[in-house]
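**Student:** what's the 3D shape of this:
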Amino acid sequence: PINHESLMSELPQSLHKYLGKGLSVYHLPKRGRYYGGSDVASGSGGDSSSLTLIDDEGVEVLAFHNNKISVYEFAEFLNEIGRFYGYAYLAIEKNNYGLPVIERLRNQFRYMNLYKHRTFDNKGNKKLVLGWLTTETTKSIMISDFKESFERGLILINHSETLSQMQLFIEDSRGKMGNKKGANNHDDLVISHALAIQAKKSGKWYV
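**Tutor:** Coordinates of the predicted model:
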């Protein structure tokens, strides 16, 4: 990653506090589109809230994971990073803590470039709802696409912690996917990288 001294002069002031606290930057923004995926946790020290950003070519330009960042601070962080990277298109998992992050991004920060998933109302009409909704079906699609992209060399993963988490990511005998059981085993970066690929794959851009 780019070293702290260089980043201090390049990053917006509001992002300096995350240097050394889970933020790894591999490439600074240039022209072109950036796509992000984000897995949101509670900020109470268990799982981490994570963000992976990739460029148009599938190269990872930035990774972030921190298990102490609060939900409202993480929304601020995503807003700052997203705008710094040319108003990146973000796919944020809406399950659990993701929903308040998405609502804050849209309502408080007016961040418009957010992934929407398709659903149906009670009259059977199709509608688009902000955020990525993880179900057994969508998770298997997301992980299958991630695996294929990696194995075919369509993405370049620069973050060593993401690669470590991938080695612990398994499918159990009941077909459930996730990290191997263990106190320090997490899959937040696997999920955020897989979501970044879905953001890019969607072919949407709202700004």
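
**Student:** residue 129 contacts residue 117, doesn't it?
**Tutor:** Yes: contact criterion CB atoms under 8 Å: residue 129 and residue 117 qualify, at 5.8 Å. (Each C-beta comes from the backbone N, C-alpha and C, glycine too.)

**Student:** comparing those two, which residue is more hemmed in?
**Tutor:** residue 117 (18 against 13; other CB atoms under 10 Å).

**Student:** helices and strands around the strand or helix carrying that one, which ones?
**Tutor:** Secondary structure from DSSP states H and E places residue 117 in strand 116-120. Packing partners of strand 116-120 (3 or more CB pairs under 8 Å, 6 or more residues apart in numbering; DSSP states H and E): strand 126-130.

**Student:** could you list the paired strands of the strand it packs on along with their orientation?
**Tutor:** The strands beside strand 126-130 in its sheet (DSSP bridges) come out as strand 116-120 (antiparallel).

**Student:** contacts for the partner strand next, please.
**Tutor:** Residues from elsewhere that reach strand 116-120 (CB atoms under 8 Å, 6 or more residues apart in numbering): 126, 127, 128, 129, 130, 131, 132, 133, 138, 204.

**Student:** try it again with 10 Å
**Tutor:** Strand 116-120 is contacted by residues 91, 94, 125-135, 138, 198, 202, 204, 206 when judged by CB atoms under 10 Å, 6 or more residues apart in numbering.

**Student:** circling back to that earlier point, pull up the overlap in contacts between residue 129 and residue 117.
**Tutor:** With CB under 10 Å, 6+ apart, residue 129 and residue 117 have common neighbours residue 94.

**Student:** tell me the confidence at the nearest residue to residue 63 once chain neighbours are set aside?
**Tutor:** Leaving out its chain neighbours, the residue that sits closest to residue 63 by CB to CB, 6 or more residues apart in numbering is residue 159, at 3.9 Å. Here, the pLDDT recorded for residue 159 equals 93.

**Student:** can you report how many residues neighbour residue 159?
**Tutor:** Neighbours of residue 159 using other CB under 10 Å come to 21.

**Student:** quick one, strands of the chain?
**Tutor:** Using DSSP state E, the strands found in the chain span residues 23-25, 34-39, 49-55, 60-66, 89-92, 116-120, 126-130, 169-171, 177-179.

**Student:** just checking, residue 85 touches residue 64?
**Tutor:** No: contact criterion CB atoms under 10 Å: residue 85 and residue 64 do not qualify, at 12.0 Å.

**Student:** which one of these two has more residues nearby?
**Tutor:** Legend: neighbour count by other CB under 10 Å for residue 85 and residue 64, higher for residue 64 (27 against 23).

**Student:** list the contacts for residue 34?
**Tutor:** By CB under 10 Å, 6+ apart, residue 34 lies in contact with 27, 53-56, 61-62, 81-82, 84-90, 113, 196, 199-200.

**Student:** in ChimeraX, how would I select the buried members of those?
**Tutor:** Restricted to buried positions by 16 or more other CB atoms under 10 Å, the ChimeraX selection for the contacts of residue 34 reads:
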select :27,53,54,55,61,62,81,82,84,85,86,87,88,89,90,113,196,199,200
